[in-house]
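Student: starting from these lines, generate the structure:
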Amino acid sequence: LPSRGLGLIVDRRAFRATPPQLTAHQLPSRGLGSQQLNPRQLTILIKNADGVKSLLQIYARNHSVFNHIHLGAFWNRLGRHAKQERVRLQSSEVELQSVRDGTLQLLPQLDAREL
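Tutor: Okay, here's the model as predicted:
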């Protein structure tokens, strides 16, 4: 909504940041010189993942900074993609075990909403 101050009309909507549309292909690789995603970027990246493979790559590269929100978003998206990619999901047992282990570690911080 516009606000008036010092005779100026400022539309605050113009200053609202739009979330970046990240994809797994734009994910920085871990290593020297790579930037770590901030929590908001990581959440957006998870929500924009285009399949099981992308989600597992995101987790593999960023699991050390996953929090309860990231885990909730991850499991939600995985459930949606699993319906269409059941074969890929079944062939990713090793990667999924890593996610399960990470979820168990954060279980005390999780509410029903995240799971």
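
Student: look at the nearest residue to residue 55 once chain neighbours are set aside and say how many residues are nearby.
Tutor: For residue 55, ignoring the flanking residues on the chain, the nearest one in space by CB to CB, 6 or more residues apart in numbering is residue 49 at 4.6 Å. Where you see a C-beta, it was placed from the backbone N, CA and C, and this is true even at glycine. Residue 49 has 25 neighbours, counted by other CB atoms under 10 Å.

Student: outside of stretch 104-115 itself, list whatever touches it.
Tutor: 66, 67, 68, 69, 71, 72, 75, 103 (CB atoms under 8 Å, 6 or more residues apart in numbering).

Student: now the nearest residue to the first one once chain neighbours are set aside: which helix or strand?
Tutor: Spatially, and ignoring its direct neighbours in sequence, residue 66 is nearest to residue 102 (6.2 Å; CB to CB, 6+ apart). Assessed by DSSP states H and E, residue 102 sits inside helix 93-106.

Student: so for that helix, what's the average pLDDT?
Tutor: Mean pLDDT, helix 93-106: 86.

Student: what about residue 112, which SS state?
Tutor: coil (DSSP: H, G, I helix; E, B strand; the rest coil).

Student: still on that earlier bit, please report phi then psi for the residue nearest to residue 55.
Tutor: When read as degrees, to the nearest 10, the backbone of residue 49 gives phi -60, psi 140.

Student: could you do residue 38 as well?
Tutor: According to degrees, to the nearest 10, residue 38 has phi -80, psi 160.

Student: distance of it from residue 75?
Tutor: 21 Å (CB to CB, to the nearest Å).

Student: you'd agree residue 88 is in a helix?
Tutor: Yes. Assignment of residue 88 by three-state DSSP places it within a helix.

Student: ok, now which ones touch it?
Tutor: Residue 88 makes contacts with 51, 52, 53, as judged by CB under 8 Å, 6+ apart.
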